[in-house]
Each structure stands twice: as C-alpha cells, then as structure tokens.
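Undergrad: just need the structure, nothing else, for what follows:
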Amino acid sequence: MKALILKLKKKLRTSRWWNSKLARTFIPRSNFAKNVLTLSSGTLLAISITFITTPIFSRMFTPGDYGILSVFTSLVALITALATLRFETAIVLPKKDKEAVDLIFVSFVFLSIISLFSLVILTLFNKFISGIVFTPSIARWLYLVPLQVFILVG
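TA: Purely as a prediction, here's the structure:
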C-alpha cells in the first residue's frame, strides 16, 4: 500500500497539472502555508458541522431552550475567562520545559480552585443568580457550569 501511495505521489508530481500555474496557486508548498491550511480546514469543519446540525436541533428544541443554552454558555464563558487567570497563554513562553510544566500546574490549580469556588457560589445563590439573569428555568442547570468550565479549560 505504501509503495502504491509513493508511486501515485511521484506520478502526480511529474504530471503537467502539478507543475502548472494553477496548481502552484492552490496547493501549498511551504510549511507555513500547510500549517495555515490545516488550521483553516479545522475551523471550516467545525463551522460546517454547526451549520449542518442547526436545522436538526431547531426541530428538537424550542426557542426557550436556546435561550437557556445562551445564558448557560454566557456564564461558562465568563467564568472560563477567570478560571486560569490566563496562565495558559504563558505556557509557550518559557525556554525550559520545567517552567512550562510549572505553569501548567499553576494553571490547573487556579482552574480547580475557581471551579470549586464557583460551584459553592452557584449552589448557595442558585435562585438569586437565576433571578439576576431573568431566566428562572436555568436554576437546575447552574450546577453544571463549574463542571463545564473545568472540562473546557482543563
């Protein structure tokens, strides 16, 4: 199988189409272009999945359910921004791996503390918070916000 793939690659590279101006325009040859194409295709795939599944979910859920999801997602996003105190962006900066591992550990500790703290706050003030966001039906889902934050950031 590997020999067949190598043979096809060799045949493709020697073909007139591969060496044409059109092929050079659309096929990335540098590592940078390949990396950009990889990131772009991942984003395009994620957006495509959302676009394709939206009609299915709109038949299954009511607009009120979407409103609860919106409030839930907003609360998760708010707590996620605070969860690691943005230490995860500093992980790529250190020259030594030990410093990067220490930053990962510190980030995980902050994530754990803030997730537990938000669980306590959301448990104690569940009805109050659901009243603040004008969505009383979200009260039963507020307990899942810290778990979602922990899974999302961790």
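
Undergrad: same for the longest helix along the chain, what does it pack against?
TA: Criterion DSSP state H: the longest helix present in the chain is helix 31-60. Applying 3 or more C-beta pairs under 8 Å, 6 or more residues apart in numbering; DSSP states H and E, we find helix 31-60 packed against no helix or strand. Every residue, glycine included, has its C-beta placed from N, CA and C.

Undergrad: quick one: name whatever helix or strand follows that helix.
TA: Remark: after helix 31-60, the chain's next helix or strand is helix 63-83, criterion DSSP states H and E.

Undergrad: need the next SSE after that following helix, C-terminal direction.
TA: Criterion used, DSSP H and E; the element after helix 63-83 is helix 97-124.

Undergrad: how about that next one: buried residues?
TA: Buried residues in helix 97-124, counting neighbours by 16 or more other C-beta atoms under 10 Å, are found at 103, 107, 108, 110, 111, 114, 115, 118, 119, 121, 122.

Undergrad: skipping adjacent residues, who's closest to the last one in space?
TA: Computed as C-beta to C-beta, 6 or more residues apart in numbering, the closest residue to residue 122 that is not its neighbour in sequence is residue 142, at 4.7 Å.

Undergrad: how about that neighbour, what does it touch?
TA: By C-beta atoms under 8 Å, 6 or more residues apart in numbering, the contact list for residue 142 reads 75, 122, 126, 129, 130.

Undergrad: redo that, cut-off 7 Å
TA: 122, 126, 129, 130 (C-beta atoms under 7 Å, 6 or more residues apart in numbering).

Undergrad: now residue 86
TA: Not one residue lies near residue 86 by C-beta under 7 Å, 6+ apart.

Undergrad: for residue 36, see how far away it is.
TA: Separation of residue 86 from residue 36 (C-beta to C-beta, to the nearest Å): 25 Å.

Undergrad: so who does residue 108 touch?
TA: residue 154.

Undergrad: show me the shaky parts of the protein.
TA: Across the chain, the ranges flagged by pLDDT under 70 are 1, 8-9, 11-29.

Undergrad: would you check that residue 107 makes contact with residue 89?
TA: No: Residue 107 lies out of contact with residue 89 (C-beta atoms under 7 Å); the separation is 9.6 Å.
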